[in-house]
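Trainee: sequence first, then the predicted structure:
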Amino acid sequence: MGKILATANFVGFGLEIAMRCEIGPGLYLPHTVGTVIGAWRIGTNATIYHQVTVGAKEMDVEYSQGKRPTIGDNVIIGSGAKILGGITIGDNVVIGANAVVTRPMPDNVVAGGIPARIIRNRTGETNS
């Protein structure tokens, strides 16, 4: 039954969410087309824009925690961003559009680029 619902969701909304991904309350997907969510866990009040991929860097048939991202609370992931591998994205993080994140991000930062790096912390200080 779960596979049927997942397929209907993909066909109807262009959104693929792994059945084993734990998702906290308040997930907001303002535009779903092309979004693939294969995270281990997504915290509360996350916002994920279109064309985002959150998942393993390599084939992971067993769906193991060590190969899947864990997304914290109050995270915003911009359009086209890719978050790959067994990394943790902290709480209150903003991932910029089209960023490719393959390393963990601490709490309260803004990250962007390819590969993604911390641009500033959420209090406005810049990293040079």
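Mentor: Received the coordinates, thanks. Residues are numbered from 1 along each chain as shown.
Trainee: what ranges does the chain have for its helices?
Mentor: In the chain, the segments counted as helices under DSSP state H are 2-13.
Trainee: what segments of it are strands?
Mentor: 15-17, 22-23, 35-37, 41-42, 47-48, 53-55, 70-71, 76-77, 82-84, 88-89, 94-95, 100-101, 109-112, 117-121 (DSSP state E).
Trainee: quick one, what contacts the residue nearest the centre of the chain?
Mentor: By Cα atoms, centre = their mean, the mean C-alpha position of the chain lies nearest to Val54, the distance being 4.3 Å. Counting by Cβ atoms under 8 Å, 6 or more residues apart in numbering, Val54 makes contact with Val36, Ile37, Gly38, Ala39, Ile42, Ile48, Pro69, Ile71, Ile77, Lys82, Ile83, Leu84. In this view, the C-beta of every residue, glycine as well, is placed from N, C-alpha and C.
Trainee: nearest residue to the second one in space, ignoring adjacent ones along the chain?
Mentor: It refers to Ile37. Ile17 (4.5 Å; Cβ to Cβ, 6 or more residues apart in numbering).
Trainee: what separation is there between the one you found and Thr7?
Mentor: Applying Cβ to Cβ, to the nearest Å, the value for Ile17 to Thr7 is 12 Å.
Trainee: before we move on, back to that, look up which residues are beta-bridged to the residue nearest to the centre of the chain.
Mentor: Beta-bridge partners recorded for Val54 (DSSP bridges): Ile37, Ile83.
Trainee: Ile77 versus that one, what's the distance?
Mentor: 7 Å.
Trainee: can you check Lys67 too?
Mentor: Lys67 is 19 Å from Ile77, by Cβ to Cβ.
Trainee: could you do Arg41 as well?
Mentor: 14 Å.
Trainee: quick one, which of the two is more surrounded?
Mentor: The neighbour comparison of Arg41 against Ile77 (other Cβ atoms under 10 Å) goes to Ile77, with 27 against 16.
Trainee: which residues does the more buried one contact?
Mentor: Ala46, Thr47, Ile48, Tyr49, Val52, Val54, Ile71, Ile83, Ile95.
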